[in-house]
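Chemist: Give me a 3D structure for the following:
(2 chains)
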Amino acid sequence: MAFWPKIRTGSRERVCNPDAVPYAVFENVGLTIGARKVLHGLTLSLSEDRVGVIGLNGSGKSTFVRLLNGLRSPTDGKLTLFGAPSAEAEKELPRHVGFVFQNPDHQAIFPTVEEEIAFGLTQLGADKTASREQARRFLSDHGFGALASSPFAELSEGQKQYVCILAVLVMQPRLLVLDEPMTSLDGLSGRKIREKLMSLPQKIVMISHDLSHFEDFDRVLWLEDGRLRMDGPAAEVLAAYEADIDRRLGAGMEVAAL
Amino acid sequence: MISMYLQGDSWAHRLPAGLKLLAVALGSLILFHVSSVWIFTGCLVAVVALYATLGREGLAQLRLLRGIVFFVVALLAIHWLSGSLDEGVVVAMRLVVMVLAANFVTITTRLDDMLDAVLPLFAPLKLFGVSPRTPALGVTLVLRFAPHLMLVFSRLREAWQARTARRSSWRLLAPFAIQSLRMSDNVAEALKARGGSAGLSSSP
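Modeler: Residues are numbered from 1 along each chain as shown, chains lettered A, B, ... in the order given. Predicted coordinates:
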């Protein structure tokens, strides 16, 4: 596409197939961090466009999604990402998997909006002039043209998170992984960002504690103590999860167990 | 959170980053061989005039000096106690002029320009198989996150003040160190998620 700057592709042979379906295959995958087993025997494959991940705090959700772009590596089992074993795919994964973190202040590397967007393009090998030009056009196309030169720190929380999503999207990933992206946002900003996410062509795997975000998702995974407690259509899993929360509250859960 | 970069299109913004960095480096070297209070007074006036050319927002950046008042006072006190106050005044003025000059470059230079300007300095690392982009990006990250760390400390101080009615304490240093380390972990993870410090162009 003429819009995008010429990107150097390197000489080594690529191992990932960006069009692979399913894009992630877990075969008895486990992960131990220090002395703690965080994930246990996960067996599933992901091919849906919209996958939600739910579970209580400490259930292993964040660790699970970090496996998808190589931020974590499994210590047990076999994980295949975009058709390649995860260990071999690791270096290539940032090309195909965009990751949006919970706290935008810890995600933005550069101080201005335009620089932050351009950084993704320079990571792919574009030169500075071309990446600045493309970043400006990309921001304009997404309604952020007026804020291109703004310091990231002076944006609202909603704008910051939006810029973080754009900074990832400019790298044209096939899969977008989001770790509680709406947690610090007000209702309006959260809904606006959700609208944006739902309109994207990318496949999405997202964690959220706000179950309403998953209403029209294709599939929801419910993690509990690092295990897959339930996996299925959004409506069924969300109903079961809410019933479980009600049951725990009804059983008089101790505050210390929060 | 404050930002170090001052948005604008002034003459100083348009100057090449490398030229500005070189000017500060050479100026600093020369100032180390100067001991005249009058010359330093002239330098001080000149550097404040540079800020004035950026307008009111530029002059507001001089608030940076509040952060080094403690060091300036300590320097003067040490020299006064050792009986060399004149020398202390020169050292303090040198410090103020150099900090203001370096800050002038920071507020008028985009970080990606800064990154490009410092990149050649690390080029010899290629000989050892290390990407020069890694330390160069480290420099830019320090500039990007220094103001954020100041915010982290001020939040800790607020929390301390809310519960003790005292403004600050050395006890805040431990939680500050822990939060800073946690933040650096998060930033490192975010960088890795976008291809790491060496970028993706060299990977497949």
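
Chemist: which stretches of chain B aren't confidently modelled?
Modeler: For chain B, applying pLDDT under 70 flags the ranges B:1-3, B:201-204.

Chemist: can you give me the helices in it?
Modeler: For chain B, the helices defined by DSSP state H occupy B:11-14, B:17-31, B:37-52, B:56-60, B:69-81, B:85-107, B:111-118, B:133-164, B:173-193.

Chemist: Report all helices and strands that the fourth one contacts.
Modeler: Translated: helix B:56-60. Using 3 or more C-beta pairs under 8 Å, 6 or more residues apart in numbering or on different chains; DSSP states H and E, the elements in contact with helix B:56-60 are helix B:37-52. To be clear about C-beta, it is placed using only N, CA and C from the backbone, and glycine gets the same treatment.

Chemist: Could you give the number of residues near A:Ala89?
Modeler: A:Ala89 is flanked by 23 other residues according to other C-beta atoms under 10 Å in any protein chain shown.

Chemist: and it, what pLDDT?
Modeler: pLDDT, A:Ala89: 90.

Chemist: can you count the residues close to the residue of the stretch 51-200 of chain A at minimum distance from chain B?
Modeler: Of all residues in the stretch 51-200 of chain A, A:Gly125 sits closest to chain B, at 3.0 Å by C-beta to the nearest C-beta. A:Gly125 has 19 neighbours, counted by other C-beta under 10 Å.

Chemist: now do A:Tyr241
Modeler: If you count neighbours by other C-beta under 10 Å, A:Tyr241 ends up with 20.

Chemist: didn't it look like it was pressed against A:Leu211?
Modeler: Yes. With contact defined as C-beta atoms under 8 Å, A:Tyr241 and A:Leu211 form a contacting pair (7.1 Å).

Chemist: Now for these two: what residues contact both?
Modeler: Common contact partners of A:Tyr241 and A:Leu211 (C-beta atoms under 8 Å, 6 or more residues apart in numbering or on different chains): A:Ile54.

Chemist: Of all residues in chain A, which one is nearest the centre?
Modeler: Nearest residue to the geometric centre of chain A (C-alpha atoms, centre = their mean): A:Val177, 1.4 Å.

Chemist: Spell out which helix or strand contains A:Thr32, please.
Modeler: Using DSSP states H and E, the element containing A:Thr32 is strand A:24-33.

Chemist: any idea which of the helices of chain B is most buried?
Modeler: helix B:111-118 (a mean of 21; mean count of other C-beta atoms under 10 Å in any protein chain shown).

Chemist: Which strands and helices lie in contact with it?
Modeler: The contact analysis (3+ C-beta pairs under 8 Å, 6+ apart) places helix B:111-118 against helix A:113-123, helix A:128-141, helix B:17-31, helix B:133-164.

Chemist: By mean pLDDT, flag the weakest helix or strand of chain A.
Modeler: When the helices and strands of chain A are scored by mean pLDDT, DSSP states H and E, helix A:187-198 comes last with a mean of 88.

Chemist: near chain B, anything from stretch A:75-83?
Modeler: No. For a cut-off given as C-beta under 8 Å from any C-beta of the partner chain, stretch A:75-83 has no contacts with chain B; the smallest distance is 12.2 Å.
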